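Chemist: I'll drop the sequence and a predicted model, then ask my questions.
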2 protein chains.
Amino acid sequence: MNAIDSEVRTIMSAMGERARRAASVLAYAATDAKNLALTAAADAILAESATILTANAEDIVAAKERGISGAFLDRLTVTEARLAGIAQGLRDIAALPDPVGDVVANWQRPNGLDISRVRTPLGVIGVIFESRPNVTADAGALTLKSGNAVILRGGSDSARTSRAIHACLVQGLEAAGLPLDAIQFVPTTDRAAVGEMLRGLDGNIDVIVPRGGKSLVARVQDEAKVPVFAHLEGLCHTFIDKSARLDMAVDVTVNAKMRRTGVCGATETLLIHREAIETHLRPVLEALAERGCEIRGDETVRRLFPAAKAATEEDWKTEYEDAIISVKVVDDVGQAIAHIQNYGSHHTDAILSEDLISVDRFFTEVDSALVVHNASTQFADGGEFGFGGEIGIATGKFHARGPVGLEQLCSFKYVVRGSGQTRP
Amino acid sequence: MNAIDSEVRTIMSAMGERARRAASVLAYAATDAKNLALTAAADAILAESATILTANAEDIVAAKERGISGAFLDRLTVTEARLAGIAQGLRDIAALPDPVGDVVANWQRPNGLDISRVRTPLGVIGVIFESRPNVTADAGALTLKSGNAVILRGGSDSARTSRAIHACLVQGLEAAGLPLDAIQFVPTTDRAAVGEMLRGLDGNIDVIVPRGGKSLVARVQDEAKVPVFAHLEGLCHTFIDKSARLDMAVDVTVNAKMRRTGVCGATETLLIHREAIETHLRPVLEALAERGCEIRGDETVRRLFPAAKAATEEDWKTEYEDAIISVKVVDDVGQAIAHIQNYGSHHTDAILSEDLISVDRFFTEVDSALVVHNASTQFADGGEFGFGGEIGIATGKFHARGPVGLEQLCSFKYVVRGSGQTRP
């Protein structure tokens, strides 16, 4: 290990210890204190907006000098309006019910024991994100409200902006008398810091949440020695059954693909029942093409819709994150399910159908975090679920699956109340 | 890799693939079919009892030849009565509600979307156990009922018995028309098979459950590349508060320590409030000593109860699994909590107290899977919780915490029902 790596390790190890200490206090912090910290942070974001915007302008100049442009630059950019949105987001999370202490289940045993399952914080969350400064506020707020400490490691491109926003969160903690180490921001942009976090900081990180592109998520999933809440891909499908209503098929498919093409819940592959191709195929594909979507279809699709390009095997495996859709004709709901199980990413898959037997089969057999009937796959979102926000979406089967909100950032304990019971 | 390791890898890899295929069928097997498999297996256990007892006699002869005796030999031994118990255990699990498809939560969104959280199986469970032949039946039955496939790897000492019991489970699967690969038993006793399972069989094992001593659990936790449901230690505490009722303190503490000293929920350390030592210390320790428990105490304990040996720092860290208890006097509930957080294993900790403020504080601040008021720590058990059985007890904070029963062997999916909703 060279001297710099050793220095990074020392810094990160100390952050881990401070986070663990803060977590032990936060675990039973009063709801009012947590909410005060969030609303005070929102006030600070607005009061310090000039400082944040100046920091952001510096980040943008530096990014442009490195030749960065387009969507990446847009995500990096903070405006007065976006700051107002960030502040409102903090207030919205303050307004949500506190998950900690929530009694999830309660039952009595014949011997009189009363058993409750009660939500508790997980401990210390590590969030590794790329250059979206708003993640600093979102992740900081969700982890605080759920009684967890957080170590935030943001991308270097947005470092100045993220630090300025982080300073506002710390102002909020201070106003509420909560440990300032509850929300820490990694001070170094050295990538070795990420490696240290993935190794868990000597047991002081309980779970890692990566927020960013596939290469970041893949690295985190490969290297992490602690649990990870993440999805690598959102290769989502919409299946138009033979009984699907035509108007719904057009509206929902267009929304599922084109509302935003870069989100993980966007549909990438359209499956259509062979008995629906004469009626549904052309209207749906025309509506997509009109909105600028490239169509890649199998032979049958191309025969009926000659503007389509030929789909290859690779297309069924591809999350385009772009205005491109692959289209395949299937013989029945069973073949649609088989395709999804074979090529999908277990994220979100939808069926459009008026036949409840097919819907039931789809719901039962498709093994995805979200299965959807007669609605857009783009509802895969913690806000749309009513979670009041999300720190990410998980496709693992353990603990958190689907949108990761306040409840998913919690563990639980069993509370057993007796009156002197002994076990026979 | 030598030829034998390569052969083990080939065998295990094929078992993983078969398990995955079986799991995809079991995931939506009818409840009736699963229950029929369990009751038919129970019938087979009784019908084949002579075969099982013969196999067991061979295991016992071989074990004795290797110089094995005592508790280990007792655990290995199967009798007519124990077989009847195993068969009844299968019937009990058949009688439990099916967790798969259970709607855990359901809510509506303002846009009319109806969202349910529905239990689904986890997939393939790997169970690695030492020489308790009954685990074959228990683990096979719990995983089957929860819709999971299982790969069982039992200790070599009980291999003949476990295989004979496994054959009965397979008879049950056959009678119910379920995939015979739903419950597989590793045919080789080569330890390399364990290593293969810990690496996850190319993604074909979703979770590992170790059942056995600390060295087995430690190996599994260290080496597993997949999630593990386990507890390494059950270093449980009972705290006698100053307001504890004397009769309850005696009864519950004796039960918590001495009912069975080898179980993970047995109390290992007794903490007692300084203001209770004049009244409670001697009666409790005398009752323990009368039942053959060795007392190791701090200075105050030894002054008041001279028969106690001196406890060292090591004692506070030791899970005796034996008729030994360490005893410490603390100034207040805060000091009791601090001791538990410092030395405990986050398994099960109890407070005996009539002061609800102290109880609340104990419940809030002790970060253990089970926190107990006025009852024995030995209630840490899936059966006692009403789970109808358990495959183990977990002390991790993710997914399963505490007793791991049918519900904990399940994941979930979100089922979203719409009427054409698109996301704005």
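Modeler: It's in.
Chemist: use CA for all of it now, contacts and neighbours both
Modeler: Will do.
Chemist: ok, residue A:369 to residue B:391 distance?
Modeler: From residue A:369 across to residue B:391, the span is 25 Å (C-alpha to C-alpha, to the nearest Å).
Chemist: Please apply the same query to residue A:105.
Modeler: For residue A:105 relative to residue B:391 (C-alpha to C-alpha), the value is 21 Å.
Chemist: In terms of neighbours, single out the busier of those two.
Modeler: More crowded of residue A:105 and residue B:391, by other C-alpha atoms under 10 Å in any protein chain shown: residue B:391, with 25 against 11.
Chemist: mind pulling up the phi and psi values for residue A:362?
Modeler: Main-chain torsions, residue A:362, degrees, to the nearest 10: phi -60, psi -50.
Chemist: How many neighbouring residues does the closest residue to chain B within chain A have?
Modeler: Residue nearest to chain B within chain A (C-alpha to the nearest C-alpha): residue A:399, separated by 4.0 Å. Residues near residue A:399, counting by other C-alpha under 10 Å, number 20.
Chemist: Model confidence score at it, please.
Modeler: Note for residue A:399: predicted pLDDT of 91.
Chemist: how near is it to residue B:212?
Modeler: The value you get for residue A:399 to residue B:212, if C-alpha to C-alpha is used, is 25 Å.
Chemist: cool, residue A:201 as well?
Modeler: 29 Å.
Chemist: who's more crowded, these two?
Modeler: The neighbour count for residue A:201 versus residue B:212, taken as other C-alpha under 10 Å, is higher for residue A:201 (22 against 16).
Chemist: helix, strand or coil for the more buried one?
Modeler: coil (DSSP: H, G, I helix; E, B strand; the rest coil).
Chemist: ok, now which ones touch it?
Modeler: A:12, A:13, A:16 (C-alpha atoms under 8 Å, 6 or more residues apart in numbering or on different chains).
Chemist: so the second one makes contact with residue A:200?
Modeler: No. Proximity of residue A:13 to residue A:200 does not meet the contact threshold set by C-alpha atoms under 8 Å, at 9.3 Å.
Chemist: Please identify which of those two sits among more neighbours.
Modeler: A direct count of neighbours by other C-alpha under 10 Å for residue A:13 and residue A:200 places residue A:200 higher, at 24 against 20.
Chemist: Give me the distance between the more buried one and residue A:289.
Modeler: Distance from residue A:200 to residue A:289, by C-alpha to C-alpha: 47 Å.
Chemist: for residue A:218, helix, strand, or coil?
Modeler: helix.
Chemist: In terms of pLDDT, where does the residue nearest to it when sequence neighbours are not counted sit?
Modeler: Nearest residue to residue A:218, sequence neighbours excluded (C-alpha to C-alpha, 6 or more residues apart in numbering or on different chains): residue A:232, at 6.5 Å. Predicted confidence (pLDDT) for residue A:232: 90.
Chemist: host element of residue A:232?
Modeler: For residue A:232, there is no helix or strand it lies in under DSSP states H and E.
Chemist: Provide a list of residues in contact with it.
Modeler: Per C-alpha under 8 Å, 6+ apart, neighbours of residue A:232: A:214, A:217, A:218.
Chemist: for the top helix by length along chain A, the distance to its chain's centre please.
Modeler: As assigned by DSSP state H, the longest helix anywhere in chain A is helix A:3-26. Chain-centre distance of helix A:3-26: 25 Å, with C-alpha atoms, centre = their mean, to the nearest Å.
Chemist: Who are the packing partners of the helix or strand just after it?
Modeler: Remark: after helix A:3-26, the chain's next helix or strand is helix A:31-47, criterion DSSP H and E. Contact partners of helix A:31-47 among helices and strands, from 3 or more C-alpha pairs under 8 Å, 6 or more residues apart in numbering or on different chains; DSSP states H and E: helix A:80-95, helix A:134-145, helix A:159-175.
Chemist: Could you list the buried residues of helix A:31-47?
Modeler: Buried residues in helix A:31-47, defined by neighbour count with 16 or more other C-alpha atoms under 10 Å in any protein chain shown: A:31, A:33-46.
Chemist: and if you look at stretch A:336-353?
Modeler: A:336-337, A:339-340, A:343-353.
Chemist: got it, and stretch A:91-111?
Modeler: A:91, A:92, A:93, A:94, A:98, A:99, A:100, A:101, A:103.
Chemist: which residues touch the lowest-mean-pLDDT helix or strand in chain A?
Modeler: The helix or strand of chain A with the lowest confidence, counting by mean pLDDT, DSSP states H and E, is helix A:70-76 at a mean of 84. Outside of helix A:70-76, the residues within contact range by C-alpha under 8 Å, 6+ apart are A:56, A:60, A:63, A:131, A:132, A:133, A:157, A:158.
Chemist: Most neighbours among those residues, which one?
Modeler: residue A:133 (27 neighbours).
Chemist: hang on, that residue packs against residue A:160?
Modeler: No. Applying C-alpha under 8 Å as the test, residue A:133 and residue A:160 come out as separate, 9.1 Å apart.
Chemist: Please name the residues that touch residue A:423.
Modeler: B:255, B:259, B:376, B:378, B:379.
Chemist: give me that answer again for 10 Å
Modeler: Neighbouring residues of residue A:423 by C-alpha atoms under 10 Å, 6 or more residues apart in numbering or on different chains: A:111, B:252, B:255-256, B:259-260, B:375-380, B:384.
Chemist: quick one: pLDDT of it?
Modeler: With respect to pLDDT, residue A:423 has a value of 96.
Chemist: same for the one helix or strand residue A:104 maps to, what does it pack against?
Modeler: Here residue A:104, judged by DSSP H and E, is contained in strand A:103-108. Packing partners of strand A:103-108 (3 or more C-alpha pairs under 10 Å, 6 or more residues apart in numbering or on different chains; DSSP states H and E): strand A:114-121, strand A:410-421.
Chemist: So which of the contacts of residue A:232 wins on neighbours?
Modeler: Most surrounded of the contacts of residue A:232: other C-alpha under 10 Å gives residue A:217, at 22 neighbours.
Chemist: can you tell me which residues contact that one?
Modeler: By C-alpha under 10 Å, 6+ apart, the neighbours of residue A:217 are A:128, A:129, A:209, A:210, A:211, A:223, A:228, A:229, A:230, A:231, A:232, A:233.
Chemist: which bits of the stretch 51-200 of chain A sit near chain B?
Modeler: Within reach of chain B by C-alpha under 10 Å from any C-alpha of the partner chain, the stretch 51-200 of chain A has these residues: A:101, A:107-111, A:113-118, A:120-123.
Chemist: Apply 7 Å and report the result again.
Modeler: Within the stretch 51-200 of chain A, the residues that sit near chain B (C-alpha under 7 Å from any C-alpha of the partner chain) are residue A:122.
Chemist: pretty sure residue A:296 contacts residue A:314?
Modeler: No. In this structure, residue A:296 is not within contact of residue A:314 by C-alpha atoms under 7 Å, at 11.1 Å.
Chemist: When those two are compared, which one has more neighbours?
Modeler: residue A:296 (23 against 7).
Chemist: Who does that one form a beta bridge with?
Modeler: residue A:309, residue A:326 (DSSP bridges).
Chemist: next one: residue A:184
Modeler: residue A:151.
Chemist: Burial check on it, number of neighbours?
Modeler: Quick note: residue A:184 (other C-alpha under 10 Å) scores 24 neighbours.
Chemist: Next: residue A:382.
Modeler: 19.
Chemist: just for chain A, where's the confidence low?
Modeler: A:1-2 (pLDDT under 70).
Chemist: The same query, at a cut-off of 80, please.
Modeler: Across chain A, the ranges flagged by pLDDT under 80 are A:1-5, A:69-71, A:131.
Chemist: so who does the nearest residue to residue A:33 once chain neighbours are set aside touch?
Modeler: Spatial nearest neighbour of residue A:33, excluding adjacent residues (C-alpha to C-alpha, 6+ apart): residue A:176 at 5.3 Å. For residue A:176, the contacting residues are A:33, A:36, A:37, by C-alpha atoms under 7 Å, 6 or more residues apart in numbering or on different chains.
Chemist: between those, which is nearest residue A:187?
Modeler: residue A:37 (22.0 Å; C-alpha to C-alpha).
Chemist: I'm done for today, thanks for sticking with me.
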